[in-house]
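S.K.: Take a look and give me a structure for this.
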Amino acid sequence: MAVVLIIEDEVNVAAMIRLCVESEGHICDIAYNGNEGLDKFSKLQPDVVILDLMLPGRNGLDICAHIRQFIKSKQKDPYIMMLTSKIEEIDRIIGFSTGADDYMPKPFSPVELAVRLRALLRREQRQQVNSENMIETRHLLIDQERRIVHLKHTNGTTTETIKFTTLEFNLLVVLASRPGRVWSRSQLLDTVWGIDYVGDIRIVDSYVKRLRQKLCSTNASGEKLDKTQFICTVPGIGYSFTDSNGKV
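M.R.: This next block holds a predicted model:
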């Protein structure tokens, strides 16, 4: 049983979603605008947020970004399913880059919503965990048990901790556990998102971009790693992990 927060201003749509969620055996609450949604998120700490893009006040992209910021204060990191009547590719890309885990255009069927909700909630169980708790590379120390990633600076000391969302961490573990292996987007979707994921395959590209941004941002000592330091693009196929010498 999960706690699901619906942030949707259309009363009839929100009621339909609630019926679908509760029929799956989950606890559900509704917020009808962005400010109310953020307030209820802080209080409920839900496992999943079903979030409309177009809302009065703060829109869905703004709310999604704010929710991901809660990770920094060690509050719950939920899965976010974004709903929208805007189906253009750029809108999907923006949604994924802001932190959405899934993206479903309106109108949608309750059956499809239920399937996607089940897929979201099963991802953690599907995540393949390395037989050892630690994955260590030239610049990274990945603690799988505590779900923490440390960035080692030039002098070899572990001085910086990087915060990741659940899916970002899972994707990094899969890549880093098999350095040099070339993963297709479909393989990464099956392994990290689950074989029953029915969303846009380009979500993988958005998550790789987010990993690169976090791993290669300028650190406290002023060092900056190249964007291909850890995750290399293999043209026509997908991605591969390699902790090369880079620029440090």
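S.K.: buried ones in the one helix or strand Leu211 maps to?
M.R.: With secondary structure defined by DSSP states H and E, Leu211 is part of helix 203-215. Within helix 203-215, the residues that count as buried by 16 or more other CB atoms under 10 Å are Ile203, Val204, Asp205, Ser206, Tyr207, Val208, Arg210, Leu211, Arg212, Lys214, Leu215. All C-beta spots, glycine's among them, are computed from the backbone N, C-alpha and C.
S.K.: Packing partners of that helix?
M.R.: If contacts are counted by 3 or more CB pairs under 8 Å, 6 or more residues apart in numbering; DSSP states H and E, helix 203-215 sits against helix 89-98, helix 166-176, helix 185-188, strand 231-234, strand 238-241.
S.K.: Which one of the ones you listed lies nearest to Ser23?
M.R.: helix 166-176 (25.0 Å; CB to CB).
S.K.: what's the angle from that closest one to helix 203-215?
M.R.: On the basis of axes from the mean of the first three to the mean of the last three CA atoms, to 10 degrees, helix 166-176 is oriented at 90 degrees to helix 203-215.
S.K.: And for helix 166-176, what's in contact with it?
M.R.: 77, 79, 101, 123-124, 127-130, 135, 137, 140, 142, 144, 147, 149, 164, 183, 188, 191-193, 204, 207-208, 210-211, 214, 230-231, 239-241 (CB atoms under 8 Å, 6 or more residues apart in numbering).
S.K.: Could you point out the helix or strand that follows the helix or strand of the chain with the lowest mean pLDDT?
M.R.: The weakest-scoring helix or strand in the chain, judged by mean pLDDT, DSSP states H and E, is helix 89-98 (a mean of 64). Next in sequence after helix 89-98, counting helices and strands by DSSP H and E, comes strand 102-105.
S.K.: That following strand - contacts with which helices or strands?
M.R.: Judged by 3+ CB pairs under 8 Å, 6+ apart, the packing partners of strand 102-105 are strand 79-84, helix 89-98, helix 110-126.
S.K.: for it, the distance to its chain's centre please.
M.R.: 13 Å (CA atoms, centre = their mean, to the nearest Å).
S.K.: Of all the residues in that strand, which ones are buried?
M.R.: Neighbour counts over strand 102-105 (16+ other CB under 10 Å) mark Asp102, Tyr103, Met104 as buried.
S.K.: Quick one: mean pLDDT over it.
M.R.: For strand 102-105, mean pLDDT rounds to 83.
S.K.: Neighbouring strands of it in the sheet, and parallel or not?
M.R.: Counting by DSSP bridges, the strands paired with strand 102-105 are strand 79-84 (parallel).
S.K.: Break the protein into its domains for me.
M.R.: The chain breaks down into these domains under automatic domain parsing: 3-126, 134-241.
S.K.: Where does pLDDT dip in this structure?
M.R.: The chain contains residues with pLDDT under 70 at 70-76, 86-97, 123-132, 153-158, 195-196, 198-199, 217-228, 244-248.
S.K.: hmm, try it at 80
M.R.: 1, 68-77, 85-99, 122-132, 152-159, 194-201, 216-229, 244-248 (pLDDT under 80).
S.K.: show me the contacts for Leu19.
M.R.: Counting by CB under 8 Å, 6+ apart, Leu19 makes contact with Pro110.
S.K.: okay, the angle between the host helix or strand of it and strand 79-84?
M.R.: Under the criterion of DSSP H and E, Leu19 resides in helix 11-23. Helix 11-23 and strand 79-84 are oriented at 150 degrees to each other (the same axes, to 10 degrees).
S.K.: buried stuff in helix 11-23?
M.R.: Within helix 11-23, the residues that count as buried by 16+ other CB under 10 Å are Val13, Ala14, Met16, Ile17, Arg18, Cys20, Val21.
S.K.: Kindly calculate the angle that it makes with helix 110-126.
M.R.: Going by the same axes, to 10 degrees, helix 11-23 makes 50 degrees with helix 110-126.
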